[in-house]
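Participant: below are the sequence and a predicted model for it; my questions follow.
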Amino acid sequence: MKNVLAIAKREIRSSFNSPVAYAVILGFLVFTGVYLYFIRGFYAVGQADLRAYFGLMPVVLAFLVPALTMRSWAEERRLGTYELLLTLPFSETELVIGKFLSSFALAALAIALTLPVPLMASLLGSFDTGILFTQYLGVLLEAATAVAIGEWISSLAKNQVSAFIGSVLVLLALVLVDRVSSFLGSGGIVAALLNWLSLSFHFDSFSRGVVDSRDLAYYLSAQAFFLYLSGWSLMRRKWS
Amino acid sequence: MRGVSFAAETGSVLGLLGPNGAGKTTIMKVLTGYHFPSSGTAIVDGVDVSEDPIAVKRRVGYLPESVPLYQDLTVAEYLDFAADARALEGPGRKAAIDRAVSACGLSGVYRKRVEELSKGYKQRLGLAQAILHDPPILILDEPTTGLDPNQIIEIRELIRSLGQSKTVILSTHILQEVEAICSSVIILNEGRVAAQGSPAEIGETLKGEERIRLRVKSAQAEVDRQLLSGIAGLRSVASIESEGSGVWTAEISMPPAAAGSLEAGEAVFDWAVSRGLKLLELERRRLSLEEIFVKLTQEGEGR
């Protein structure tokens, strides 16, 4: 555990010593804020309902998270620090989890900084904090899953740019795949499978304020699966 | 790597010498658990690297060739991370950092960011990271590249003193470095051991001869092997070429200069005078490292 924290601490320090993390988080906040107030016309609608705001989150996170995870392994390899990490007394599991935690911490920070939005909305009328809590839980789970995927793609990518583009494409595909199923008509096994794969499909119930154990299981197992793949890609490099 | 086998003892500095691509770095990557060997074993301090890599990594301090530094951290933060990674705690932690900082002369840049450091300081920071936890085994891949001559002397001094109580394995392509700090040497070429022994033994092989290129003008006689064999102490003739109009170029090898005997140049001069030849040029040629390696590998195959 100490090793995991050592890895995560180093990672977060590096992030905040460079302007990239600030810029990415600021960009995220500006975009989601602009979307809510101008595009959705939040005040014009006159309802203290943030479902549309949270409904957008899977798509926004498909851009935010790759911006946070792209450096992860790809940058280590460019700097040569990859060799340092793998020759320090860390296990592959510790490395993968430490990296995951640090990127997730940044994503969680960005998400926490959106809290003023519902707080301001609460001034407009009565507000269900239970639903809000569920919505934030959903966003955090969604973000953690995206981080696990982004970390894995960064462990395969040659450089930051390809890690970013690859992660955005994979995440967008996973977010939007349930739209395809709506063309296929409901009830078919293919449609069910596509829905099951989709990140936004599982996010949907959270944004309505419902915690479904199937959705929880989906997110947690997806995280475990992609963390395992990252560890596997570290091990594979040792033999090549 | 093919059939490379060696052992390094505590209290010794083992040098791996070889041209780029000879396999020095590969050996180090196997010893540090970065790469698994496809066959064969590496045992560090009694532990098999592929069986318990973490235990090996704890005992080893490693400076890779591509000095691995986080550019956006300060020197202090970087060493703090290394101390975390080495699980250094309590009063020993600060002492270890102070010791490494002073041994590598980093106190002047302690608060600076890594990206602002000169190449020499970066190299020293990499070394500080490797010695931070006072490991019994130090593996240093080209530790003196990028340093200026004064720094090279300091770092060599440091490595030599570390080598008294530890096992140090370092790689280099600089011959003097081996002579200056190593107690034993392995010369690698194309993944094979070309020579192995103490620097004195290897030095004999490396400096076993002097190459001399000469241009002479001969009025009558043809300059051939027969004629050249009149040079006192001549070992062999590498080449003879005629340039026309009685001018000849030859390359010969002579024994190394020893006390009491003629210097190679003197011998050639005396020979030219005694045969009535005019010496136009006389040049001592140093064997390049590459030529030495070629020579060593060819000898290795002949054995």
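Facilitator: Noted; the coordinates are in hand. Numbering: from 1, shown residues only, chains lettered A, B, ... in the order given.
Participant: can you classify residue 230 as helix, strand or coil?
Facilitator: I'll assume chain A. helix (DSSP: H, G, I helix; E, B strand; the rest coil).
Participant: let's do chain B instead
Facilitator: coil.
Participant: hmm, B:Ser274 and it touching each other?
Facilitator: Yes: with contact defined as C-beta atoms under 8 Å, B:Gly230 reaches B:Ser274; the gap is 7.3 Å. Quick note: C-beta positions are derived from backbone N, CA and C, even for glycine.
Participant: residue numbers of chain A in contact with chain B?
Facilitator: Residues of chain A found near chain B (C-beta under 8 Å from any C-beta of the partner chain) are A:2-3, A:5-6, A:9-10, A:13-14, A:17-18, A:79-84, A:86-91, A:238-239.
Participant: where in the chain is pLDDT low?
Facilitator: No chain specified, so I'll use chain A. Chain A contains residues with pLDDT under 70 at A:40-49, A:125-126, A:184-187, A:240.
Participant: hm, I was asking about chain B
Facilitator: The low-confidence ranges in chain B, as defined by pLDDT under 70, are B:1, B:200, B:202-208, B:257-261, B:286-303.
Participant: all the helices of it, residue numbers only.
Facilitator: Secondary structure of chain B (DSSP state H): helices at B:24-31, B:53-59, B:75-85, B:90-103, B:119-131, B:149-162, B:175-181, B:199-206, B:225-228, B:264-274, B:289-302.
Participant: export those helices as TSV, with columns for distance to A:Phe133 and mean neighbour count.
Facilitator: Putting the helices of chain B into TSV (distance: least, C-beta to C-beta, whole Å; neighbours: other C-beta atoms under 10 Å in any protein chain shown) gives the following:
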stretch	distance to A:Phe133	mean neighbour count
helix B:24-31	49	22
helix B:53-59	41	19
helix B:75-85	35	21
helix B:90-103	41	15
helix B:119-131	44	23
helix B:149-162	57	16
helix B:175-181	64	19
helix B:199-206	71	16
helix B:225-228	96	15
helix B:264-274	90	17
helix B:289-302	69	15
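Participant: nearest to A:Gly33, out of the ones you listed?
Facilitator: With distances scored as C-beta to C-beta, the stretch of the helices of chain B nearest to A:Gly33 is helix B:75-85 (33.0 Å).
Participant: give me the contacts around that closest one.
Facilitator: Contacts to helix B:75-85, defined as C-beta atoms under 8 Å, 6 or more residues apart in numbering or on different chains, come from residues A:2-3, A:5-6, A:9-10, A:13, A:17, A:88-90, B:69-70, B:73, B:93, B:96-97, B:100-101, B:106, B:109-114, B:117, B:125, B:128-129, B:132-133.
Participant: just the buried ones out of the residues you listed, please.
Facilitator: In those, burial by neighbour count holds for A:3, A:6, A:9-10, A:13, A:17, A:88-90, B:69-70, B:73, B:93, B:96-97, B:100-101, B:106, B:109, B:113-114, B:117, B:125, B:128-129, B:132-133, counting by 16 or more other C-beta atoms under 10 Å in any protein chain shown.
Participant: phi and psi next, for the residue found closest to B:Arg86 once you drop the neighbours it is linked to in the chain.
Facilitator: Leaving aside its sequence neighbours, B:Arg86 sits nearest to B:His133 (C-beta to C-beta, 6 or more residues apart in numbering or on different chains; 3.9 Å). When quoted as degrees, to the nearest 10, the phi and psi of B:His133 stand at phi -90, psi 20.
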